[in-house]
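Novice: Give me a model of this one.
(one chain, ligands or ions: 2)
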Amino acid sequence: MKLYPIMLKLAGKKVAIVGGGAIAYRKAAGLAETGADIVVISPQLHESFAALSVSWRNKRFEPEDITGAHLVFAATDDAAVNRQVAEAAADWQWVDVTSEQELSAFYVPAVVRRGDLVLAVSTSGASPALAKRVKQELEQQYGEEYVQIVQHYKHERKKR
Ligand SMILES: C[C@@]1(CC(=O)O)C2=NC(=C\c3[nH]c(c(CCC(=O)O)c3CC(=O)O)Cc3[nH]c(c(CC(=O)O)c3CCC(=O)O)/C=C3\N/C(=C\2)[C@@H](CCC(=O)O)[C@]3(C)CC(=O)O)/[C@H]1CCC(=O)O
Ligand SMILES: NC(=O)c1ccc[n+]([C@@H]2O[C@H](COP(=O)([O-])OP(=O)(O)OC[C@H]3O[C@@H](n4cnc5c(N)ncnc54)[C@H](O)[C@@H]3O)[C@@H](O)[C@H]2O)c1
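Specialist: Ligands and ions are numbered 1, 2, ... in the order given. Predicted coordinates:
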């Protein structure tokens, strides 16, 4: 089955991240500056979270924690807990179980940002390491100059 790529406007939307370790941090960092209302549920929080704006619920996961969340990340190191998160989610909630593809409703791509230019790379889950490698190649190919290039094109387009 093909996966469908999309750009989400997350300002003001609740996003729940269950787990507070390295992987939870990586998913939270990817949400920085989207305006999402990020809630992290975990009895421990990785020190890098200090640089991010998130609400921390210092506790173990319970189903009520994901109520109203549009996106849900199950990112604990306990596969059974991650499965409970998937089971607690309503049909309309998009869940990424970071330890188990079969239970996920979406995956996160590897991303290069150059201002408004966004390059997202996915292998549809086949190989996250390859997605990262292709991202690194794109980082070389599309340098910081593209921040200005995309601005220029945007400006030209408005003149029409
Ligand atoms: C792209 C990136 C985005 C991000 O995380 O922000 C991302 N994984 C990254 C890196 C990475 N992940 C893993 C390794 C170790 C090498 C390896 O195992 O290959 C490395 C490499 C590294 O860390 O160097 C391990 C791993 N990943 C998943 C599983 C579980 C499974 O496959 O079932 C396991 C085994 C866990 C275990 O051992 O238990 C699952 C997923 N990882 C995804 C995304 C989604 C599919 C993306 C796609 O392919 O399209 C998906 C399906 C769900 C999701 O996480 O959304 C990010 C690159 C960051 C960057 O840009 O630098
Ligand atoms: N998708 C990916 O990109 C990817 C990559 C590597 C690993 N993984 C998976 O992610 C998992 C987590 O890895 P990590 O490096 O972040 O682990 P980690 O040990 O750094 O963090 C685990 C976190 O889970 C929290 N936790 C444990 N039980 C909990 C509970 N009941 N409720 C709430 N929080 C709870 C802990 O407090 C801790 O903060 C791994 O076990 C692996 O399966 C995914």
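Novice: same for the helix or strand harbouring residue 80, what does it pack against?
Specialist: In this structure, residue 80 sits in helix 79-88 according to DSSP states H and E. Counting contacts by 3 or more CB pairs under 8 Å, 6 or more residues apart in numbering; DSSP states H and E, helix 79-88 packs against strand 14-18, strand 71-74, strand 94-97. C-betas here are computed from N, CA, C, even on glycine.
Novice: element containing the most centrally placed residue in the chain, please.
Specialist: Nearest to the mean C-alpha position of the chain, by CA atoms, centre = their mean, lies residue 27 at 4.4 Å. Using DSSP H and E, residue 27 maps to helix 22-30.
Novice: What are the buried residues along that helix?
Specialist: 23, 24, 25, 27, 28 (16 or more other CB atoms under 10 Å).
Novice: separation between the nearest residue in space to the fourth one that is not next to it in sequence and residue 110?
Specialist: Nearest non-adjacent residue to residue 27, counting by CB to CB, 6 or more residues apart in numbering: residue 73, 4.9 Å away. In this structure, residue 73 lies at 16 Å from residue 110, with CB to CB, to the nearest Å as the measure.
Novice: Give me the neighbour count for the residue of the chain found nearest ligand 2.
Specialist: Minimum separation of the chain from ligand 2 (CB to the nearest ligand atom) falls at residue 21, amounting to 1.9 Å. Neighbourhood size, residue 21 [other CB atoms under 10 Å]: 15.
Novice: Just give the number of residues close to the nearest residue to it once chain neighbours are set aside.
Specialist: Distances taken as CB to CB, 6+ apart place residue 46 nearest to residue 21, at 5.5 Å, with adjacent residues excluded. Residue 46 has 17 neighbours, counted by other CB under 10 Å.
Novice: Model confidence for residue 46, exactly?
Specialist: Looking at residue 46, its pLDDT is 96.
Novice: which stretches of the chain form strands?
Specialist: 14-18, 37-41, 55-57, 71-74, 94-97, 110-114, 117-121 (DSSP state E).
Novice: among those strands, which is nearest residue 135?
Specialist: In terms of CB to CB, the element of the strands of the chain nearest to residue 135 is strand 110-114, at 3.8 Å.
Novice: For that closest one, what is the distance to the chain centroid?
Specialist: 12 Å (CA atoms, centre = their mean, to the nearest Å).
Novice: what does stretch 98-118 give?
Specialist: 6 Å.
Novice: ditto for stretch 85-102
Specialist: Chain-centre distance of stretch 85-102: 13 Å, with CA atoms, centre = their mean.
Novice: Many thanks, have a good one.
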